[in-house]
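Enquirer: Below is the sequence, then the predicted model.
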Amino acid sequence: MESSTDLYADEQQPLLRSSINDSNEQINQFPLFDPRAKFYRYFSLIFICLLTFGPYFCYVLPGALENEFERDLRISTTQFTIFTSLYSWPNIILCFFGGFLIDRVLGVRLGAILFSCFVTVGQILFAYGAYTRNIWMMYIGRFIFGIGGETVSVAQKAYCVTWFPTKELNLVFGFIASAALLGSSINQIAMNPIYNYINEFKSGYECLGVTIFLASLTAIASTCCAFILSPLDKRRNRILKIVSNKNRMEAKIKISESFKFPIQIWLIIIICIVFYSATFPFISLGKLYFIKKYGSSATSAALQQSLFFFGTVVTSPLFGTIVDSTGYNLYWVIFSIVLALASHIILLFSFVNSFIPVLMMGTSLSLLYASLWPMVSLIVAKNKLGTAYGLMQSFQNLGLAIFNIIAGYLVQNYGYLVLEVFFIYLCIVGLLASIALFFWDKLTGGHLNLSKEERCETTLS
């Protein structure tokens with residue numbers, strides 16, 4: 001009988017030597033049903049991508065209908081902002097513990113289902129609270145929604161790094177970024193027309209409640225994807241003889257050990273915090289900036305905001321393919337930060353058509369997501385990947401929560417020019433962290449910045 005140590009030896013290895021190798025065995029089954037076939041992985045990727053489509057669609061819903069929320073529910077702006085706070089602040093802690101549970105207790109299959117159900121139940125309570133004008137029920141629903149929202153994303157990344165070989169991860173992460181941002185983008189466009197249509201039959205908070213109920217269908221669809229993925233993953237594990245995630249319950253659980261990550265992970269977290277904090281707060285505050293500096297109309301300013309998201313949706317898989325084809329992830333990370341820095345410098349010091357720096361910023365986001373996040377799987381053992389991604393998203397939420405407040409304070413008291421200087425400083429911090437990561441990687445073997453050919457050779461050796 002195999003010892004427990006032998007059984008889990010593979011779980012302790014980084015994914016640089018991927019567990020998914022091209023099998024030399026003749027594939028006799030139809031590719032759709034054969035986990036050894038590439039087609040099976042990419043068919044399943046559809047459901048992996050859609051895991052976060054519903055949560056992201058529902059997350060931005062209050063922002064798309066802010067005026068309608070405040071008017072129909074007769075609430076103040078301060079009360080309205082609580083809907084966002086109840087999602088963001090708890091996830092500073094919950095993401096980490098959700099990732100820990102996925103790694104050590106639930107496994108990725110049960111974790112994805114459980115946290116998707118949290119999203120759906122929370123969103124339905126949120127909708128029912130709006131329909132009955134019960135603000136406290138809406139707050140409770142939004143909090144429950146938040147428990148699942150970000151942790152589903154952790155489960156999604158865990159699926160990706162265990163299903164796909166290293167050489168395909170950048171493309172895969174590009175696809176999941178596109179799916180999530182597509183949910184946000186469609187919501188921004190669709191919710192006002194839907195609300196106006198429902199308003200012909202219902203009025204006031206009842207109209208708002210029905211509109212939110214319809215949006216909840218996307219959360220239900222994403223939960224269905226979690227249930228579909230479970231048998232697909234179970235079949236894959238059985239045929240490829242991969243140890244089930246449930247068996248990880250036998251391992252001794254020590255939360256303190258989960259923080260013992262290499263310094264590369266902490267540098268990646270710093271890059272993640274400052275880059276996202278220099279990007280998303282600007283986009284959320286950018287509409288008035290475009291109007292004031294460039295004299296844009298409200299419609300044109302809104303178009304520039306949407307261009308950022310739709311540009312990212314289109315370019316994320318493209319850049320994932322490019323990074324997969326070339327390797328050199330760290331070079332691409334550094335380039336993406338330089339591109340973001342350049343976009344803020346252009347916005348601050350020139351009157352070049354504002355669509356250009358916005359496109360540059362969206363491009364930098366796509367490129368960073370495709371090149372930065374997959375590197376975690378090259379550093380961390382497979383049985384800690386959920387924890388690592390959960391930790392990253394926890395710090396990302398902390399950074400966004402704090403820097404959003406700072407950005408709002410700077411705009412209100414000093415104006416947009418000072419805000420742009422602040423974003424430039426954040427980009428410089430990210431650039432310095434990425435350069436430090438580059439040199440540290442050089443000192444420790446250079447695994448993060450291998451070319452495609454070098455990575456393939458390392459995987460096969």
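Expert: Received the coordinates, thanks.
Enquirer: Give me the neighbour count for M137.
Expert: The burial metric for M137, expressed as a neighbour count using other C-beta atoms under 10 Å, is 17. Where C-beta positions appear, they are placed from N, C-alpha and C, glycine not excepted.
Enquirer: Quick check: closest non-adjacent residue to it.
Expert: Nearest residue to M137 in three dimensions, chain neighbours excluded: G129, at 3.3 Å (C-beta to C-beta, 6 or more residues apart in numbering).
Enquirer: Now that neighbour: which helix or strand?
Expert: Taking DSSP states H and E as the criterion, the element that holds G129 is helix 107-131.
Enquirer: in the stretch 51-200 of the chain, what spans have low per-residue confidence?
Expert: Judged against pLDDT under 70, the low-scoring parts of the stretch 51-200 of the chain cover residues 77.
Enquirer: That one: helices as residue ranges?
Expert: 53-59, 61-64, 66-73, 77-88, 91-101, 107-131, 135-163, 169-198 (DSSP state H, counting those that start in this stretch).
Enquirer: buried stuff in the third one?
Expert: Buried residues in helix 66-73, defined by neighbour count with 16 or more other C-beta atoms under 10 Å: 68-69, 72-73.
Enquirer: Over to the longest one?
Expert: Across helix 169-198, burial judged by 16+ other C-beta under 10 Å covers 169-188, 191, 194-195, 198.
Enquirer: From the contact counts, what lies against that helix?
Expert: With contacts defined as 3 or more C-beta pairs under 8 Å, 6 or more residues apart in numbering; DSSP states H and E, the packing partners of helix 169-198 are helix 38-50, helix 53-59, helix 61-64, helix 135-163, helix 204-239, helix 298-326, helix 355-372.
Enquirer: Kindly report the same for the fifth one.
Expert: Other helices and strands packing on helix 91-101, by 3+ C-beta pairs under 8 Å, 6+ apart, are helix 107-131, helix 135-163, helix 385-414.
Enquirer: Adding distance to W373, write those out as a markdown table.
Expert: A markdown table is the format used below for the helices and strands packed on helix 91-101 (distance: least, C-beta to C-beta, whole Å):
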| stretch | distance to W373 |
| --- | --- |
| helix 107-131 | 16 |
| helix 135-163 | 7 |
| helix 385-414 | 8 |
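Enquirer: how far off helix 135-163 does the helix holding G129 point, in degrees?
Expert: Orientation check (axes from the mean of the first three to the mean of the last three C-alpha atoms, to 10 degrees): helix 107-131 against helix 135-163 gives 160 degrees.
Enquirer: Who are the packing partners of helix 107-131?
Expert: With contacts defined as 3+ C-beta pairs under 8 Å, 6+ apart, the secondary structure elements packing on helix 107-131 are helix 53-59, helix 91-101, helix 135-163, helix 204-239.
Enquirer: Need the residues that contact the next helix or strand after the last one.
Expert: When you say that, I think you mean helix 204-239. Secondary structure here is assigned by DSSP H and E; on that basis, the next helix or strand after helix 204-239 toward the C-terminus is helix 263-277. By C-beta atoms under 8 Å, 6 or more residues apart in numbering, the list of residues contacting helix 263-277 from outside reads 333, 336-337, 340, 368, 372, 375-376, 379-380, 388, 391-392, 395-396, 398-400, 402-404, 426-427, 429-430, 433-434, 436-437, 440-441, 444, 448.
Enquirer: ok so, going back, what's the most buried one of the helices and strands packed on helix 107-131?
Expert: A comparison of the helices and strands packed on helix 107-131 by mean neighbour count, using mean count of other C-beta atoms under 10 Å, puts helix 53-59 on top with a mean of 27.
Enquirer: any idea how far it is from the chain center?
Expert: From the chain centre to the centre of helix 53-59 is a distance of 11 Å (C-alpha atoms, centre = their mean, to the nearest Å).
Enquirer: circling back to that earlier point, for Y40, which of the helices and strands packed on helix 107-131 is the nearest?
Expert: For Y40, the closest of the helices and strands packed on helix 107-131 is helix 204-239, at 7.5 Å, according to C-beta to C-beta.
Enquirer: Thank you kindly, that will do.
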